[in-house]
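In: fold the following for me, if possible:
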Amino acid sequence: MDTGSHDGNAAAQAKSIAGRSVVVNGDRMDSKDLFADQRELLITHGDDTYRLRLTFQNKLILTK
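Out: Numbers count the residues shown, from 1 in each chain. So this is what the prediction gives:
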């Protein structure tokens, strides 16, 4: 994840490790960056996995 660094080399390295990078501005990130070309993400939190989905009505749904 790119934490706001605008170093092109760091961004390329983050993409090669994670498959893509997400820019974080302070405590915000754009959902367009998160969902890039998909409509669902898995989020690991401790021992639990959550599913974050983008609906066709452009709403977010988080389920465990």
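
In: can you give me the neighbour number for residue 34?
Out: A count of nearby residues for residue 34, using other C-beta atoms under 10 Å, gives 15. (Each C-beta comes from the backbone N, C-alpha and C, glycine too.)

In: can you confirm it is in a helix?
Out: Yes: the assignment for residue 34, made by DSSP: H, G, I helix; E, B strand; the rest coil, places it in a helix.

In: quick one: least confident helix or strand in this protein?
Out: Within the chain, judged by mean pLDDT, DSSP states H and E, the helix or strand with the poorest mean is helix 8-18; its value is a mean of 44.

In: let me see the contact set for the residue nearest the centre of the chain.
Out: The chain has residue 34 as the residue nearest its centroid, 3.3 Å off, counting by C-alpha atoms, centre = their mean. The neighbourhood of residue 34, defined by C-beta atoms under 8 Å, 6 or more residues apart in numbering, consists of 22, 41, 52.

In: and with 10 Å instead?
Out: The neighbours of residue 34, taking C-beta atoms under 10 Å, 6 or more residues apart in numbering as the test, are 20, 22, 41, 43, 52, 54, 60.

In: so how do I select the buried members of these in ChimeraX?
Out: One line in ChimeraX is enough to select the buried members of those, burial here meaning 16 or more other C-beta atoms under 10 Å:
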select :22,52,54
